[in-house]
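Asks: okay, structure incoming, though there's no sequence with it:
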Ligand code: PHE
C-alpha cells in the first residue's frame, strides 16, 4: 500500500506512452501489485474483506484515473509535436498539362450564359429544394391540378407553413417567380440548374439540367419569343440553316403555350441539327400566364412576357454527339477525357461558342 504515492509519482513522471505502460503493467497488469492485493481478498474473513475490499478498489480507481489522465496529456503533446514538425511539401512542380476537364454540361451552360448575356439576359438562381407554392401553385398549378401528376415529383418529409411537403424542384420555372419577386420588371433572365423527377432510363435520369428563360416587359408578344429562340439556336448550334416550328401545346404557366421543334438532317448517317429533313422537340415555351405575373407580385395589365425552358443535357447531346444520358453522371474518367473540354477554352461569341 505504500506504493500508491510512489506509483502516482511515477505515472506523473512517465514521459512517453511506453514508459507509462510499464508503470501500468507493474501495478494493474495480470501480476501487478494492485491485482495481487485484490487477489488476497479471497483468503480474508468476511469482516476483513468488508474493510479491505473498498480500500483496494479505491487504490485501483485512483491509479486507473491517474494513468488515463497522463495518457491524455502525452497524446495531446504528441499531436502538438506532429503538428509543429510535420510539413507537406507544396512546392512540387505542377503537371505539364492540366488533367481535369470541363464537363459538357458545364460547358453548355457557359455557352448558353454567353449567348444570352449578349441578348441582355442576366443569370438568376433558385433553390433545388423548393416549396410547393414556388414549384406549382404560383405557376398556376393549384393543389389537385391534373398537370401536377405529370411531374413525377420527389416529395420531402418536411412541410412548409401551409402544411405542404417541400419538393425537389421538378423544373427551373419556379425561378421565374423568384426572379420577378426579387428583381421586378422589366426583366430578362435565364436560370440554369438542376431539376429532379422520379424517372430513369437511357434518356431520363432522376436528376437532370434545365435552363429557363424569362422576359417581362411592356407589349411583349409571341414574335419576340420566336425571334429569341431562333437567334439562340443559331448561335448555339453555330449554323444559319436552323429552322424552328412552334406547335400549340399546354403548360399551366403559359398561355398560349408552344412546343418548339428544331429541324434536323442526316449528315454521314447521323442526325444533326439544321435543315428540315425531320423535326424534333427541343423546348417548351409560351407567353407568361397573367396569373403567374400576378402571383409574383406584378400587375399583369402592365407587364407581359414570354418564357421558355429546355433540357441542358439534351442540348449537349445534340450538339456534341453523345447518345447515352446516363454516361453524363457516371464519372467515368475515360468518358470525361473524351467528351470534356479544356478549362482554358472559355466560350465567347467572337471565337464561336462551341470551343
Ligand atoms: N417547365 C417546363 C417543363 O419543365 C418547360 C417550360 C418552361 C415551358 C417555360 C414553358 C415555359 O417542361
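Replies: Perfect, I can see it now. What you see is a predicted model; the values in this text were computed from it and never measured.
Asks: CA only for contacts and neighbour counts going forward, please
Replies: OK.
Asks: so which residues on this protein come close to the ligand?
Replies: Contacts of the chain with the ligand, taken as Cα under 6 Å from any ligand atom, map to 171, 173, 212, 284, 285, 286, 307, 308, 309.
Asks: wait, the second one sits on residue 212?
Replies: Yes: distance between residue 173 and residue 212: 6.4 Å, which falls inside the contact criterion (Cα atoms under 8 Å).
Asks: which neighbours do those two have in common?
Replies: When contacts are counted by Cα atoms under 8 Å, 6 or more residues apart in numbering, residue 173 and residue 212 are jointly contacted by residue 309.
Asks: now for the residues of the chain next to the ligand, which pair is the farthest apart?
Replies: Put simply, by Cα to Cα the two of those set farthest apart are 171 and 286, 15.2 Å from each other.
Asks: if we can go back for a sec, who wins for neighbours among the residues of the chain next to the ligand?
Replies: residue 285 (31 neighbours; other Cα atoms under 10 Å).
Asks: okay, buried residues for stretch 85-104 please.
Replies: 101, 102, 103, 104 (16 or more other Cα atoms under 10 Å).
Asks: state the distance from the first one to residue 326.
Replies: This means residue 101. Plainly put, residue 101 is 18 Å away from residue 326 if you go by Cα to Cα, to the nearest Å.
Asks: how about the helices in the stretch 151-300 of the chain?
Replies: With DSSP state H, counting those that start in this stretch as the criterion, the stretch 151-300 of the chain has helices at 174-183, 222-237, 290-295.
Asks: and the longest one, what does it pack onto?
Replies: What it means is helix 222-237. Judged by 3 or more Cα pairs under 8 Å, 6 or more residues apart in numbering; DSSP states H and E, the packing partners of helix 222-237 are helix 104-118, strand 278-288, strand 304-311.
Asks: skipping its backbone neighbours, what lies nearest residue 164 in space?
Replies: What sits nearest to residue 164 in space, not counting adjacent residues and going by Cα to Cα, 6 or more residues apart in numbering, is residue 132, at 6.5 Å.
Asks: again with residue 281
Replies: residue 261 (4.1 Å).
Asks: just list whatever residues bridge to that neighbour.
Replies: With DSSP bridges as the criterion, residue 261 is bridged to residue 245, residue 281.
Asks: who are the contact partners of residue 212?
Replies: Per Cα under 8 Å, 6+ apart, neighbours of residue 212: 172, 173, 175, 176, 190, 191, 192, 307, 308, 309, 310.
Asks: helices of the stretch 1-150 of the chain, start to end?
Replies: 3-13, 17-28, 33-40, 46-85, 104-118, 132-135.
Asks: per-residue pLDDT of the closest residue to residue 297 other than its chain neighbours, please?
Replies: Distance criterion Cα to Cα, 6+ apart; nearest residue to residue 297, sequence neighbours excluded, is residue 181 at 6.5 Å. pLDDT for residue 181: 98.
Asks: burial count for residue 181?
Replies: For residue 181, the neighbour count with other Cα under 10 Å is 15.
Asks: what about it, distance to residue 331?
Replies: For residue 181, the distance to residue 331 - Cα to Cα - is 37 Å.
Asks: with residue 9 instead?
Replies: In terms of Cα to Cα, residue 9 sits 59 Å off from residue 331.
Asks: repeat for residue 49
Replies: 70 Å.
Asks: so for these two, which residue has more residues nearby?
Replies: The neighbour count for residue 49 versus residue 331, taken as other Cα under 10 Å, is higher for residue 49 (16 against 11).
Asks: many thanks, we can stop here.
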